[in-house]
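Visitor: Here you go, sequence then predicted model.
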Amino acid sequence: MTMKTSSPKVAGLDPRRVALALLDAVTIEKRLLSEVLTKKTAVLAFDDRARAQRLATECLRFMDRCDRMLGPYLSTLPAPHVMNALRLGVYEMCAAGEASHGVVNAYVSLVKENATAAHFKGLVNAVLRKVSGEVAKWETLPAPMMPKWLRKPLIADFGKATVAAMEVAQAKGAPLDLSAKANVAAVASATHGTVLPTGSVRVEGAVQVTKLAGFDAGDWWVQDAAAALPARVLAAQVGEHVLDMCAAPGGKTMQIAATGADVTALDISEIRMRRVSENLARCGLSAQVVVGDALEYEGGPFDAILLDAPCTATGTIRRHPDLPYAKDGSDFPSLFELQEHMIDRALALLKPGGRLVYCTCSLLIDEGEEQVRDALARHAGLTVDLEALQIEGVDPEWIGPEGLRTRPDFWADRGGMDGFFITVFRHT
Ligand SMILES: C[S@@+](CC[C@H](N)C(=O)[O-])C[C@H]1O[C@@H](n2cnc3c(N)ncnc32)[C@H](O)[C@@H]1O
């Protein structure tokens with residue numbers, strides 16, 4: 001794509017140009033925002049970086065609504081880059097409350113900058129002007145639906161009403177949750193947060209994480225309330241040998257290290273493992289950090305293993321609304337297979353009578369309940385320890401025959417939680 005330089009006459013173009021590039025990267029190049037964000041926003045001043053990121057993220061969250069607003073005015077879909085400019089324009093006018101004439105000018109200018117899209121400037125102008133006349137319709141539309149490729153299997157697993165409830169939760173985004181190293185009440189008081197029933201601290205409103213009280217002192221780390229459950233379920237004891245098998249960026253390693261257990265943190269990604277070491281150092285915790293492939297790892301045997309397996313991350317869409325647009329499900333079966341091999345490897349590294357906590361931040365049954373049923377069929381003597389899942393704050397209704405499942409629509413009145421599946425295997 002050939003880009004011209006910005007027009008000095010139109011205000012606020014720079015963050016919008018980057019937001020458009022981010023949307024293109026997700027929807028056209030099929031990249032996750034986390035993969036492209038730093039590079040694409042590097043050209044902007046600090047405040048504009050945050051603005052571009054927010055704009056792209058929230059537009060992706062409300063993509064389905066943007067498309068519903070645009071639908072009546074598009075008899076055929078324009079080029080994807082132009083469609084993304086229209087979506088951003090709609091989001092800004094309808095959800096962000098930006099003045100329509102500035103928004104229309106901005107996106108007409110941006111489309112003009114692109115040689116292959118410039119001839120769509122008339123369409124962008126006309127369509128955005130029409131949408132500007134019906135901004136009130138936005139609030140009457142249903143919560144943004146996930147794309148069909150993901151919605152369909154979820155409906156098969158949970159039914160339409162539950163999927164609709166998940167979509168309502170995903171539209172609301174996610175609050176900031178913290179895990180305290182030691183004193184939960186002190187962390188809640190210092191950060192003006194509230195203590196959740198499961199022991200995480202929830203902080204409302206927009207905050208800069210590194211400026212929150214206790215960050216530099218390492219009193220806490222950022223971790224969704226549901227993501228904090230697997231290590232609580234593992235309940236490591238002082239002196240136990242524990243393997244955190246897919247550890248990076250290290251939230252669960254930190255929880256286990258804070259119990260006084262002897263933790264080995266293993267992950268295949270050297271870059272992501274640097275984050276584990278940084279996080280441990282900031283919080284004054286220690287673990288043996290190993291970079292390597294879990295499938296070939298030979299250490300142990302261990303009293304307990306936490307396997308937070310690589311997965312579709314569909315339980316984190318409220319934090320990562322780009323995911324349904326960067327993925328199409330084609331790589332999912334290879335993940336399911338990897339999870340199966342990892343469970344088998346983990347079981348081989350356990351001491352007799354040891355426990356394996358298996359979890360995924362996924363909404364798909366294939367990565368949770370189905371993995372458990374398959375593992376029980378593969379391994380004689382393997383059992384699921386449902387009692388170990390009954391920890392403080394966990395609603396017994398979240399626990400099924402295979403394990404504990406959280407969903408984004410749980411705790412709706414408190415701000416929700418990520419979708420997770422967690423189980424405990426015991427090998428005799
Ligand atoms: C869900 S994330 C783990 C999150 C981490 N437990 C936490 O709480 O911060 C999955 C991790 O699996 C790692 N991974 C993927 N394939 C692996 C393999 N073959 N061996 C070890 N780690 C692997 C990825 O690098 C990624 O960091």
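Guide: Structure received.

Visitor: what does the stretch 251-400 of the chain put close to the ligand?
Guide: G251, K252, L266, D267, I268, S269, R272, D293, A294, L295, D308, P310 (C-beta under 6 Å from any ligand atom). Placement of C-beta: from N, CA and C, glycine included.

Visitor: So the second one lies in a strand, does it not?
Guide: Going back to what we said before, that points to K252. No: counting by DSSP: H, G, I helix; E, B strand; the rest coil, K252 is located in no strand; its state is helix.

Visitor: Scan the protein for its longest strand.
Guide: strand 350-360 (DSSP state E).

Visitor: Who are the contact partners of the spatially most central residue of the chain?
Guide: In the chain, the residue lying closest to the centroid (C-alpha atoms, centre = their mean) is T316, at 3.2 Å. With contact taken as C-beta atoms under 8 Å, 6 or more residues apart in numbering, T316 is in contact with D224, L323, C361, D418, G419.

Visitor: How about T27?
Guide: Contacts of T27 by C-beta under 8 Å, 6+ apart are P80, N84, Y325, A326.

Visitor: repeat that for 10 Å
Guide: Contacts for T27 (C-beta atoms under 10 Å, 6 or more residues apart in numbering) come out as L60, M63, P80, H81, M83, N84, R87, D322, Y325, A326.

Visitor: Secondary structure, neighbour count and pLDDT added to the contacts of T316, as CSV?
Guide: As requested, these are exported to CSV (DSSP: H, G, I helix; E, B strand; the rest coil; neighbours: other C-beta atoms under 10 Å; pLDDT from 0 to 100):
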residue, secondary structure, neighbour count, pLDDT
D224, coil, 27, 98
L323, helix, 20, 98
C361, coil, 24, 98
D418, coil, 29, 98
G419, coil, 29, 98
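
Visitor: Pull the most distant pair out of these.
Guide: Taking C-beta to C-beta, the two most distant members of those are D224 and L323; they sit 14.8 Å apart.

Visitor: helices and strands around the host helix or strand of V233, which ones?
Guide: Using DSSP states H and E, V233 sits in helix 229-234. If you count contacts as 3 or more C-beta pairs under 10 Å, 6 or more residues apart in numbering; DSSP states H and E, helix 229-234 packs onto strand 241-244, helix 251-258, strand 302-308, strand 350-360, strand 404-406, strand 420-427.

Visitor: do it and the ligand meet?
Guide: No: judged by C-beta under 6 Å from any ligand atom, helix 229-234 makes no contact with the ligand; its nearest approach is 7.9 Å.

Visitor: where along the stretch 201-350 of the chain do the strands fall?
Guide: Secondary structure of the stretch 201-350 of the chain, counting by DSSP state E, counting those that start in this stretch: strands at 201-203, 220-222, 241-244, 262-267, 288-291, 302-308, 350-360.

Visitor: can you give me the mean pLDDT across the first one?
Guide: By that I understand strand 201-203. Average pLDDT, strand 201-203: 98.

Visitor: Which strands border that strand, and is each parallel or antiparallel?
Guide: strand 176-180 (antiparallel), strand 194-195 (antiparallel) (DSSP bridges).

Visitor: need the contact list for the residue nearest to D293 when sequence neighbours are not counted.
Guide: Of all residues not flanking D293 in the chain, I268 sits nearest, at 5.3 Å (C-beta to C-beta, 6 or more residues apart in numbering). Contacts were defined as C-beta under 10 Å, 6+ apart; by that measure I268 touches C246, A247, A248, V291, G292, D293, A294, L295, E296, Y297, P310.

Visitor: between these, which is nearest T140?
Guide: P310 (39.8 Å).

Visitor: Contact partners for that closest one?
Guide: By C-beta under 10 Å, 6+ apart, the contact list for P310 reads C246, D267, I268, S269, A294, S334, L335, L338, Q339, M342, T360, E367.

Visitor: Got a PyMOL select line for the buried ones in the contacts of T27?
Guide: Command for PyMOL that selects the buried part of those, burial taken from 16 or more other C-beta atoms under 10 Å:
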select buried, resi 60+63+81+83+84+87+322+325+326
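
Visitor: so what pLDDT did A206 get?
Guide: Looking at A206, its pLDDT is 84.

Visitor: what residues are up against it?
Guide: Listed by C-beta under 10 Å, 6+ apart, the contact partners of A206 are A50, R54, L176.

Visitor: Relative to I268, how far out is it?
Guide: As for A206, its distance to I268 is 34 Å (criterion: C-beta to C-beta, to the nearest Å).

Visitor: Next, give phi and psi for T383.
Guide: Note on T383: backbone dihedrals following degrees, to the nearest 10 are phi -130, psi 160.

Visitor: Among the helices and strands packed on helix 229-234, which comes closest to A213?
Guide: Nearest of the helices and strands packed on helix 229-234 to A213, taken as C-beta to C-beta: helix 251-258 at 18.3 Å.

Visitor: residue in the stretch 51-200 of the chain nearest to the ligand?
Guide: Proximity of the stretch 51-200 of the chain to the ligand (C-beta to the nearest ligand atom) peaks at S179, 10.1 Å away.

Visitor: Just list the residues touching that residue, thanks.
Guide: 187, 199-201, 220-225, 227-228, 231-232, 251-252, 254-255, 258, 283 are the contacts of S179 under C-beta under 10 Å, 6+ apart.

Visitor: Let me see the confidence value for it.
Guide: 98.

Visitor: ok, the closest residue in space to F215 that isn't next to it in sequence to V131 distance?
Guide: Closest residue in space to F215, ignoring its immediate chain neighbours: V209 at 6.5 Å, by C-beta to C-beta, 6+ apart. From V209 over to V131 the distance is 35 Å, taken as C-beta to C-beta.
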